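>>> fold the following for me, if possible:
(chains A and B)
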2 protein chains.
Amino acid sequence: MNNFDLELIAARLEALEETIIHRFIDRAQFAHNEPAYLPKHSGFAGAEEDSLFQVRLGAQERLDAEFGRYMVPEERPYTTGLPAPRRQVVVPDTGIARMQYDCINQTSKICTAYLNCLAALCQSGDDGQHGSSVEHDVAALQAIARRVHYGALYVSESKYRNSPEVYREFIRSQDAQQLLRLLTRPEVEDAVVARLAAKVERLQAHVNRGIRRTIGPELLVEFYRDTVIPLTKAGQVAYLLRR
Amino acid sequence: MNNFDLELIAARLEALEETIIHRFIDRAQFAHNEPAYLPKHSGFAGAEEDSLFQVRLGAQERLDAEFGRYMVPEERPYTTGLPAPRRQVVVPDTGIARMQYDCINQTSKICTAYLNCLAALCQSGDDGQHGSSVEHDVAALQAIARRVHYGALYVSESKYRNSPEVYREFIRSQDAQQLLRLLTRPEVEDAVVARLAAKVERLQAHVNRGIRRTIGPELLVEFYRDTVIPLTKAGQVAYLLRR
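Model (predicted):
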């Protein structure tokens, strides 16, 4: 199996977008719950300076790090200073160039954009379910990060392999702008966003609206347009500059 | 909102079954990976005696316990000896009778049944993705436990409230068998299972079978028939006996 078949990569990205939609819908079942995002309001013994969101994200990522999640190139963490794995993880040779993968890490921008869209995603107010809310935030953030970094690494490596001479020139001159131009295909971006909108509708077509809050496609379309797609491309440029 | 409206409870159970289906499909993307379930094979520093599955489940539940998950009556853990929450969790008055909710805990049987069905759910063999496999196991187990214990607590309390005099007699005589008989509605069970089968098909109707493994409805139907439904009823009896 060729890891860099562009059709296969596109299909994987599509499967990851399904997960993102589900995670957004799951989070939307809870109110915005703003206090869960306020620093010094975690109410968590031993981490009183942080927000509950920060405490949960850090705790989950420390656990995941010990199990070896971040040894996988496309799994980039939101937290720094994570512990080393406590087990040996055999990462198969993916064909992605070896480097410090955190040089492509876009999580800080993903996190800001995600938190900014919660007000539109969720009902306003406080339903008291802060623990569940931040648990679902972490699941959503992990799904988004996986999508962005998988796209950043695999799409750019695939495109590079298809026309190395074209890319090599701009890599040599470290011309981020020209690399970004080469990687940009507006018609593909439009198709992704249109497919996403249709999927948001389809995945909620049969739900019982009496007990499940549904979400409109606009929010996810905007999140893809303004965050997922540009950050994937930023990650691609970062990868190619170091390839 | 009346927590014990049977129609509302049924709708919530239906939403939880959607989550279970998704978690089974997610797990099916990885091979069976049997070594991840062998005691003394965790390869995890500090927990060499256990299986990787046991280590992951325990670690996730300790983290969740610290955030207060198991203060919620229907969230029952698979692990014993969990730490106390490190934050104050305000559990709203649900109307469920107060008791040690672990007397309704069916997780040990859920876990055995789930692990037994992995061979049929997943492709046989070992794809090396042990960390991801056990991470998805934990997500599936949490979804199943929530469904079973929500049904155990809310359905039985609802039925009790609708005809307390009928139930009180058998509660007084501690007659588990008669309680089980009162709670059993074969036509409802058949309808649940039929709906489940249709949903398994529908949720996978549009996936790209080239990259996503799909699962047949039989496996989930059997899991509901042999595990979810009987354990929900066992939990209902356990609850009523102590009500």
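>>> ok, and the closest non-adjacent residue to residue A:86?
residue B:45 (4.1 Å; CB to CB, 6 or more residues apart in numbering or on different chains). For the C-beta atoms, the positions are set from N, CA and C on the backbone; glycine is no exception.
>>> hang on, the one you found packs against residue A:84?
No: in this structure, residue B:45 is not within contact of residue A:84 by CB atoms under 8 Å, at 9.5 Å.
>>> sorry, back to before: how about the residue nearest to residue A:86, secondary structure?
coil (DSSP: H, G, I helix; E, B strand; the rest coil).
>>> ok, now the one 5 residues further on?
Three-state assignment for residue B:50 (three-state DSSP): coil.
>>> any idea how far it is from residue B:56?
Using CB to CB, to the nearest Å, residue B:50 is found at 10 Å from residue B:56.
>>> give me the more crowded residue out of those two.
residue B:56 (27 against 18; other CB atoms under 10 Å in any protein chain shown).
>>> how about the helix or strand where the more buried one lies as CSV, C-alpha atoms only?
According to DSSP states H and E, residue B:56 maps onto helix B:52-67. Taking C-alpha atoms only, helix B:52-67 is exported to CSV below (Å, rounded to 0.1, in the frame of the first residue of the first chain):
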residue,chain,number,x,y,z
LEU,B,52,-2.1,-3.1,28.2
PHE,B,53,-5.9,-3.1,28.1
GLN,B,54,-6.1,-3.2,31.9
VAL,B,55,-3.4,-0.5,32.3
ARG,B,56,-5.2,1.9,30.0
LEU,B,57,-8.7,1.2,31.4
GLY,B,58,-7.4,1.8,35.0
ALA,B,59,-5.5,4.9,34.1
GLN,B,60,-8.4,6.5,32.2
GLU,B,61,-10.8,5.7,35.1
ARG,B,62,-8.5,7.1,37.7
LEU,B,63,-8.3,10.3,35.7
ASP,B,64,-12.0,10.4,35.2
ALA,B,65,-12.6,9.7,38.9
GLU,B,66,-10.4,12.7,39.9
PHE,B,67,-12.7,14.9,37.7
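>>> who are the packing partners of that helix?
helix A:52-67, helix A:130-150, helix B:130-150 (3 or more CB pairs under 8 Å, 6 or more residues apart in numbering or on different chains; DSSP states H and E).
>>> want to try TSV for the ones you listed, with distance to residue B:197 and mean pLDDT as columns?
Below are the helices and strands packed on helix B:52-67 laid out as TSV (distance: least, CB to CB, whole Å; pLDDT from 0 to 100):
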stretch	distance to residue B:197	mean pLDDT
helix A:52-67	34	98
helix A:130-150	27	98
helix B:130-150	16	98
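>>> and for the residue nearest to residue A:86, the neighbour number?
Counted with other CB under 10 Å, residue B:45 comes out at 12.
>>> from residue B:83, how far off is it?
20 Å.
>>> cool, residue A:209 as well?
Residue A:209 is 39 Å from residue B:83, by CB to CB.
>>> check residue A:90 too.
The value you get for residue A:90 to residue B:83, if CB to CB is used, is 32 Å.
>>> and the helices in chain A?
Using DSSP state H, the helices of chain A run over A:6-27, A:52-67, A:107-121, A:130-150, A:156-162, A:164-172, A:176-183, A:186-203, A:217-223, A:229-241.
>>> who's in contact with the second one?
By CB atoms under 8 Å, 6 or more residues apart in numbering or on different chains, the list of residues contacting helix A:52-67 from outside reads A:35-37, A:39, A:41-44, A:47, A:50, A:70, A:77-79, A:82-87, A:115, A:130-131, A:134-135, A:137-138, A:141, B:44, B:56, B:59-60, B:63, B:66-67, B:87, B:131, B:135.
>>> now do the fifth one
Contact partners of helix A:156-162, identified using CB under 8 Å, 6+ apart, comprise A:4-6, A:9, A:95-97, A:167, A:182-183, A:235-237, A:239-240, A:243.
>>> average model confidence for it?
The predicted model gives helix A:156-162 an average pLDDT of 96.
>>> same question, the longest one
Per-residue pLDDT over helix A:6-27 has a mean of 93.
>>> quick one: buried residues of that helix?
Neighbour counts using 16 or more other CB atoms under 10 Å in any protein chain shown place A:8-14, A:16-27 of helix A:6-27 among the buried residues.
>>> between the helix holding residue B:56 and helix A:52-67, how many degrees?
160 degrees (axes from the mean of the first three to the mean of the last three CA atoms, to 10 degrees).
>>> please list the residues of chain A that sit near chain B.
Contacts of chain A with chain B, taken as CB under 8 Å from any CB of the partner chain, map to A:8, A:11-12, A:14-15, A:22, A:42-46, A:52, A:56, A:59-60, A:63-64, A:66-69, A:86-90, A:92, A:128, A:131, A:135, A:202, A:206-208, A:210-212.
>>> buried ones among those residues?
A:8, A:11-12, A:14, A:22, A:42-44, A:52, A:56, A:59-60, A:63-64, A:66-69, A:86-87, A:131, A:135, A:207, A:212.
>>> for the nearest residue to residue A:154 once chain neighbours are set aside, what are its contacts?
Nearest residue to residue A:154 in three dimensions, chain neighbours excluded: residue A:9, at 4.8 Å (CB to CB, 6+ apart). Residue A:9 sits next to A:151, A:154-155, A:158 when contact means CB under 8 Å, 6+ apart.
>>> let's see 6 Å
A:154-155, A:158 (CB atoms under 6 Å, 6 or more residues apart in numbering or on different chains).
>>> what about those, which one has the most neighbours?
Neighbour-wise, those (other CB under 10 Å) top out at residue A:154, 26 neighbours.
>>> what's the burial count for the residue lying closest to residue A:243 once chain neighbours are set aside?
Nearest residue to residue A:243, sequence neighbours excluded (CB to CB, 6+ apart): residue A:97, at 5.0 Å. By the criterion of other CB under 10 Å, residue A:97 has 15 neighbours.
>>> what's the spacing between residue A:97 and chain B?
In this view, residue A:97 and chain B are 21 Å apart by CB to the nearest CB, to the nearest Å.
>>> what pLDDT is listed against that residue?
95.
>>> and the helices of chain A: which comes nearest residue B:104?
Among the helices of chain A, the nearest to residue B:104 by CB to CB is helix A:130-150 (20.8 Å).
>>> what's next to that closest one, contact-wise?
Contacts for helix A:130-150 (CB under 6 Å, 6+ apart): A:16, A:19-20, A:23, A:26-27, A:30, A:33, A:36, A:52-53, A:56-57, A:60, A:74, A:76, A:106-107, A:110, A:231-232, B:67-68.
>>> which of the contacts of residue A:9 sits closest to residue B:102?
Using CB to CB, the contacts of residue A:9 come closest to residue B:102 at residue A:154, 45.7 Å.
>>> state the distance from the residue nearest to residue A:243 to residue A:164.
Taking CB to CB, one finds residue A:97 at 12 Å from residue A:164.
>>> just residue A:239 next, same as before
Counting by CB to CB, the gap from residue A:239 to residue A:164 is 14 Å.
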